[in-house]
Each structure stands twice: as C-alpha cells, then as structure tokens.
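S.K.: Here is my input, please return the structure:
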Amino acid sequence: MSERAAPTATADRGADLHGAIALVTGGGRGLGEATCRRLAEAGATVIAADVDLDSARAVAERLSDEGWAVDAERLDVADDIVATGAVRSILDRYGRIDALVNNAGVDVTAPFEELTNSDWDRVLGVNLRGPIMLCRVVFPAMRQHGGGHIVNVVSTAAKRAWPNASAYHTSKWGLLGFSHSLHVEGRPLGIKVTAVVAGGMRTPFLLDRFPDIDVETLQDPANVAAAIHFALSQPAETVVPELMVIPMGETSWP
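M.R.: Numbers count the residues shown, from 1 in each chain. Next comes the predicted model:
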C-alpha cells in the first residue's frame with residue numbers, strides 16, 4: 001500500500017503536500033480518517049496510525065483502493081514503548097516524517113469527584129502525555145532533516161469549560177500550552193507547530209457517547225481536516241500557531 005504514488009487527479013485539493021510523509025494518530029475513524037483522506041488527496045503519503053490496527057487498516061485499504069498512498073500502523077500513544085517503536089519503524093521505512101498530526105483523544109464524562117486515578121491517567125496519557133512523547137521522538141528527526149510540521153488537535157475545551165469534563169479540559173488546556181511552547185522552540189529549527197482548536201464534529205467521539213446530541217450543531221470532520229491541510233500547506237516562510245474551527249450552529253459561542 002505504501003509504495004503507490006498518489007494520483008494527481010485532485011490537484012485542486014492541493015498538490016502542495018506531494019511527496020510529504022504524514023503520520024496521523026487516531027487515524028482509524030472520525031477526524032483521523034477524514035484527515036488521512038484529505039492529506040492523501042493533497043499528495044502526501046499518509047500513515048494512518050491507531051491503537052485499533054483493524055480500523056487503521058480499513059482506512060488504509062479504502063483509500064489505497066481509490067489510488068492514494070496510505071499505510072496503516074498500530075500505535076498506542078499512551079504506551080511509550082509501543083509508540084516509540086512504531087514511530088521509529090515509520091522513520092526506518094520512509095526515512096523521515098514531514099508532518100505529525102496528533103489527533104488521538106479520549107474522554108471520561110463524569111463529575112470530578114467520581115473520576116478515579118486511572119481515569120485521569122487514561123485521559124491525560126492519551127490526550128497530553130501521548131502527543132508530548134511522540135514529539136520527543138519526531139522533533140529531533142525533523143530537526144535532522146531540516147524541518148517539519150506538527151499539528152496538535154486541541155479542542156474548544158481548551159478555551160471554555162463545561163461540567164463533568166475536568167480531565168478532558170485539563171488535557172486540552174495542557175496540549176494548547178504545549179503546542180505554543182513547542183512552536184517557540186521549533187521555529188528557529190524550521191519546525192512548525194500548529195494547534196487546531198476544533199469545535200464539535202459529527203464523529204463517533206461525540207455521537208457514540210451522546211446519542212441524543214443535536215447533530216445540526218456539529219460540523220463535518222472533513223471541514224476540520226481541511227483546516228489541518230490549510231495549516232500544513234502554508235509557504236515555508238509562514239506558520240499558523242493556532243487555528244480555531246467551530247461549527248456555525250454551535251450554541252456555546254457568540
């Protein structure tokens with residue numbers, strides 16, 4: 001799957017990523033799947049990475065069957081050894097990673113007093129520590145190859161708060177701060193870092209947990225994937241440190 005060159009039929013989607021190697025975590029569904037599609041259509045060779053290898057393979061197979069260059073990798077961002085091994089395997093196979101999209105995320109919806117230590121460890125491990133650990137492996141590889149781009153998918157949970165999500169808010173506020181700090185350190189090295197602050201999307205992340213949610217207030221994940229592509233396709237001399245993408249119908253915003 002990974003050896004096939006991406007076709008050029010959708011040049012309007014942006015041939016600006018042609019030849020780039022892009023790693024997308026949480027690539028097995030939802031925004032991750034939409035991002036894999038968008039970047040592959042833009043000419044990148046994409047690695048759909050997910051803790052559920054079957055889901056990642058299904059995405060890779062669907063997109064490969066359409067002619068795009070997409071591979072699959074099992075990657076558990078909460079497991080340092082597994083995650084580091086997966087990234088090193090990708091670097092060995094492709095020689096570099098030009099774009100890392102830290103998209104994998106989890107939540108535990110419960111009042112603060114009901115959250116267990118393991119709940120906190122799981123949410124912070126996937127949403128905050130996971131991206132940090134991946135960046136620790138990818139950042140020096142990007143520096144060695146003269147640059148790259150890291151996109152951290154944050155959330156409007158890093159800009160506001162609602163009940164029963166204290167672990168999720170903590171993780172996303174932390175990820176936003178980490179993104180900006182890494183942006184400052186990466187710029188002199190030619191490494192761009194972007195925080196994409198995404199509002200509610202029609203993805204399993206919300207729909208599976210809140211079946212009664214009004215889908216009219218949510219946005220298509222393809223729209224957020226387009227914003228990720230936009231950030232990645234900026235000229236070499238320009239970086240977008242933070243980009244917020246919210247649905248028009250989301251009532252929590254003016």
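S.K.: hey, let's count contacts and neighbours off CA atoms from now on
M.R.: Fine.
S.K.: which residues are contacting the helix or strand that contains N152?
M.R.: Assigned by DSSP states H and E, N152 belongs to strand 148-153. The contact list for strand 148-153 (Cα atoms under 8 Å, 6 or more residues apart in numbering) reads 97-103, 131, 135, 142, 175-176, 179, 190-198, 228, 232.
S.K.: List buried members of those by neighbour count.
M.R.: If you count burial by 16 or more other Cα atoms under 10 Å, the buried members of those come out as 97-103, 131, 135, 142, 175-176, 179, 190-198, 228, 232.
S.K.: low-confidence ranges in the stretch 101-250 of the chain?
M.R.: Counting by pLDDT under 70, the stretch 101-250 of the chain has low-confidence residues at 201, 203-207, 209-210.
S.K.: Helices of that one, residue ranges please.
M.R.: Ranges of helices in the stretch 101-250 of the chain, per DSSP state H, counting those that start in this stretch, are 117-124, 130-144, 166-186, 204-207, 221-232.
S.K.: got the contact list for the third one?
M.R.: For helix 166-186, the external contacting residues (Cα under 8 Å, 6+ apart) are 106-108, 111-112, 119-120, 123-124, 127-128, 132, 152, 154-155, 157-159, 161, 191-195, 241.
S.K.: So what's the gap between stretch 55-73 and the chain middle?
M.R.: Remark: stretch 55-73 is offset 17 Å from the chain centroid, using Cα atoms, centre = their mean, to the nearest Å.
S.K.: Between the two ends of it, what distance do you get?
M.R.: End-to-end distance of stretch 55-73 (Cα to Cα, to the nearest Å): 10 Å.
S.K.: quick check: mean pLDDT across that stretch?
M.R.: Stretch 55-73 shows a mean pLDDT of 97.
S.K.: That one: which residues count as buried?
M.R.: Buried residues in stretch 55-73 (16+ other Cα under 10 Å): 55-61, 63-64, 67-73.
S.K.: For the strand holding N152, buried residues please.
M.R.: Of all the residues in strand 148-153, those buried under the rule 16+ other Cα under 10 Å are G148, H149, I150, V151, N152, V153.
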